[in-house]
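>>> Give the three-dimensional model of this entry:
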Amino acid sequence: MNFTTKPYWLVAAIPLLPISSVAFAKDAKQQTASQTAATKVEIKVIPNLVKFDVVRFDAIAGAPVVLNFSNDCIMPHNLVLIKPDAEPALIAGVNALGLEGMDKGFVPDVPGIIAASKLLQPHGKQEMTFQAPEEPGDYPFMCTFPGHWYTMRGVMHVLKKGESASATVKDTEKVVNVADAAKDSGVHPKPMGTMEKPLVMRSFVQDPGLDDAVFAHHGRSKDAVKYSPETRLDIPDQPVIARPGIVGAIAVSHGPEFSYVYDTTECRFLYAWRGGFLDMTPYWGKGTGAGRSSVYTPWIIGGIVYRTTGKDPISGNVADKPEFGGYRMVNGAPEFWYRLGKRVVRQLVHPKASGGFEIAVQVEGEGAPLTWTVNEKDTGFVKVTPGSAGKFTVSVTDRPEPTMPEYVPPANPKKKPDPAAKPAPAAEKHAE
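Below you'll find the predicted structure:
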């Protein structure tokens with residue numbers, strides 16, 4: 001950071017000034033130094049909560065800021081500081097990145113970004129140095145990994161020059177560690193929750209061949225153009241071959257007995273499987289500091305027992321786009337909620353050790369209640385039981401689903417092929 005210094009002629013002239021003038025110059029120097037002293041702040045990611053531990057810190061207008069950002073979570077995160085009105089364009093830019101997002105750290109080229117970290121992998125750290133804006137006010141910061149901005153956010157409060165900064169404001173939510181997941185945290189490639197205390201993770205997830213009608217408000221991943229962090233430009237004619245994936249979903253592990261995926265854009269349950277959780281090797285690498293392949297969608301361990309079909313069964317004729325609100329833990333399990341117009345919809349998944357699961361649905365607000373329409377392909381496997389005051393229960397029975405192919409690590413492009421090696425078998429295709 002370059003600080004303003006006095007020109008050489010002024011320094012040379014100081015001995016010739018009267019004593020009172022020297023004292024005035026000294027006071028002015030001290031005042032300038034206090035105004036330009038760097039604000040130092042440390043922000044960490046709270047493991048298992050997908051939140052920053054700091055929700056507010058103060059900075060002085062025009063003064064430097066040194067922000068030490070560290071990621072102690074099992075997921076990748078970044079920190080992006082923006083101008084007050086820049087969030088809509090930022091989020092739209094992130095959603096438009098698709099699979100290019102990982103290479104670009106989910107920081108699109110949009111106006112209003114004051115400072116941005118790299119996308120830090122588990123246990124990553126970065127020191128960010130930047131200048132606070134000259135205009136006092138509140139400047140939001142958030143993680144722009146898809147879906148994380150709902151809960152990972154805070155504010156840099158810029159004070160007028162001469163005002164005193166307050167202490168940082170910490171998040172007060174208690175950290176509830178999942179026993180099995182905490183033991184296998186860090187960059188362990190196969191984390192796991194339990195039936196009583198599930199592990200909840202925001203992540204890219206595998207697309208097991210869902211209907212196109214399921215993606216009314218976003219789409220599947222597709223081949224992306226390779227990106228150069230050095231030049232900050234796309235590299236033409238070098239596409240990244242990517243396995244089908246879904247951005248910004250939440251994967252929940254109840255242990256090997258039951259796992260499922262909830263989508264935060266469509267605000268609906270997507271699919272469930274038994275026999276394991278996710279192989280995160282293509283996403284995180286094999287250990288601390290390990291490289292990530294370009295095929296970075298986590299891979300399902302086990303067999304799928306249910307996939308949703310058709311359009312959203314709860315929206316009916318409602319034209320409003322669902323807006324995800326977050327989730328809260330109810331008896332150890334996540335209850336998801338979202339807005340649908342003036343209604344609020346809550347969904348809580350109750351797994352069974354075998355034979356299926358239930359989704360408890362609560363509709364609140366103006367215009368309630370809604371109903372759950374069973375799609376044609378779900379007939380015989382999904383049953384809806386109405387309750388009172390906008391409540392109903394959706395009972396889902398396991399059904400035979402196409403077998404998912406096992407994860408095959410991509411070939412090392414720098415390694416010369418063995419002429420005696422047999423060709424790898426073709427990947428199994430999904431079929432209805």
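
>>> what about Phe145, neighbour count?
Residues lying near Phe145 (other Cβ atoms under 10 Å) number 25. Heads up, the C-betas are built off the backbone N, CA and C, glycines and all.

>>> typed the wrong thing, it's Asp212
When counting by other Cβ under 10 Å, one arrives at 9 neighbours for Asp212.

>>> Check the gap between it and Lys311 for me.
According to Cβ to Cβ, to the nearest Å, Asp212 stands 10 Å off from Lys311.

>>> Equivalent analysis for Phe215, please.
In terms of Cβ to Cβ, Phe215 sits 10 Å off from Lys311.

>>> For stretch 42-59, C-alpha coordinates in CSV please.
The C-alpha coordinates for stretch 42-59 follow below in CSV (Å, rounded to 0.1, in the frame of the first residue of the first chain):
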residue,chain,number,x,y,z
GLU,A,42,-9.7,-11.4,10.9
ILE,A,43,-12.7,-13.3,9.5
LYS,A,44,-13.1,-17.1,9.6
VAL,A,45,-15.7,-19.5,8.3
ILE,A,46,-17.7,-21.3,11.0
PRO,A,47,-17.4,-25.0,10.3
ASN,A,48,-20.7,-26.8,9.6
LEU,A,49,-22.8,-23.6,9.7
VAL,A,50,-21.9,-22.0,6.3
LYS,A,51,-21.4,-18.6,8.0
PHE,A,52,-18.7,-16.1,8.7
ASP,A,53,-17.8,-15.7,12.3
VAL,A,54,-17.8,-11.9,11.9
VAL,A,55,-21.0,-10.2,10.8
ARG,A,56,-19.8,-6.5,11.0
PHE,A,57,-16.5,-4.6,11.3
ASP,A,58,-15.7,-0.9,11.1
ALA,A,59,-13.3,0.9,8.8
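
>>> Phi first, then psi, for Asp103.
phi -70, psi -30 (degrees, to the nearest 10).

>>> before we move on, what about Gly101?
Torsion angles, degrees, to the nearest 10, at Gly101: phi -60, psi -40.

>>> burial measure for it, as a count.
Gly101 has 25 nearby residues by other Cβ under 10 Å.

>>> ok, it - contacts?
Residues near Gly101 by Cβ atoms under 8 Å, 6 or more residues apart in numbering: 94, 146, 247.

>>> which SS state does the first one fall under?
Three-state call for Val94 (DSSP: H, G, I helix; E, B strand; the rest coil): helix.

>>> picking up where we left off before, so which of the contacts of Gly101 is the most crowded?
In terms of neighbours by other Cβ under 10 Å, the contacts of Gly101 top out with Val247 at 26 neighbours.

>>> right, and that residue touches Phe145 too?
No: counting by Cβ atoms under 8 Å, Val247 does not reach Phe145; the two are 9.3 Å apart.

>>> So which bits of the helix or strand encompassing Leu67 are buried?
Applying DSSP states H and E as the criterion places Leu67 in strand 64-70. Across strand 64-70, burial judged by 16 or more other Cβ atoms under 10 Å covers 64-65, 67, 69-70.

>>> after it, next one along is what?
Strand 64-70 is succeeded, C-terminally, by strand 80-82 (DSSP H and E).

>>> okay but Val66 is in contact with Ala37, surely?
No: using Cβ under 8 Å, Val66 is not in contact with Ala37; the gap is 10.4 Å.

>>> residue boundaries of the helices in the chain?
8-13, 19-36, 87-97, 100-103, 179-183, 281-284 (DSSP state H).

>>> List every C-alpha atom in stretch 112-132, with coordinates, as CSV.
The C-alpha trace of stretch 112-132 is given here as CSV (Å, rounded to 0.1, in the frame of the first residue of the first chain):
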residue,chain,number,x,y,z
GLY,A,112,-19.3,-2.7,-7.8
ILE,A,113,-16.8,-5.2,-6.4
ILE,A,114,-14.4,-3.5,-3.9
ALA,A,115,-12.3,-6.5,-3.0
ALA,A,116,-12.5,-10.3,-3.5
SER,A,117,-10.6,-13.3,-2.2
LYS,A,118,-9.7,-16.4,-4.0
LEU,A,119,-12.0,-19.4,-3.7
LEU,A,120,-10.3,-21.0,-0.6
GLN,A,121,-10.3,-24.7,-0.3
PRO,A,122,-10.5,-26.3,3.2
HIS,A,123,-7.9,-24.9,5.5
GLY,A,124,-7.0,-22.2,3.0
LYS,A,125,-6.0,-18.7,4.1
GLN,A,126,-5.5,-15.3,2.4
GLU,A,127,-4.5,-11.8,3.4
MET,A,128,-6.6,-9.2,1.5
THR,A,129,-5.4,-5.5,1.4
PHE,A,130,-7.6,-2.8,0.0
GLN,A,131,-8.7,0.8,0.5
ALA,A,132,-11.9,1.5,2.3
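
>>> pLDDT averaged over that stretch, what's the number?
The pLDDT scores in stretch 112-132 average 93.

>>> Check stretch 381-390 too.
89.

>>> ok, now stretch 304-324?
Mean pLDDT, computed over stretch 304-324, is 81.

>>> hmm, who's touching stretch 349-369?
Residues outside stretch 349-369 that contact it (Cβ under 8 Å, 6+ apart): 195, 252, 254, 257-258, 260, 262, 269, 272, 305-306, 314, 333-334, 341-348, 370, 372, 389-398.
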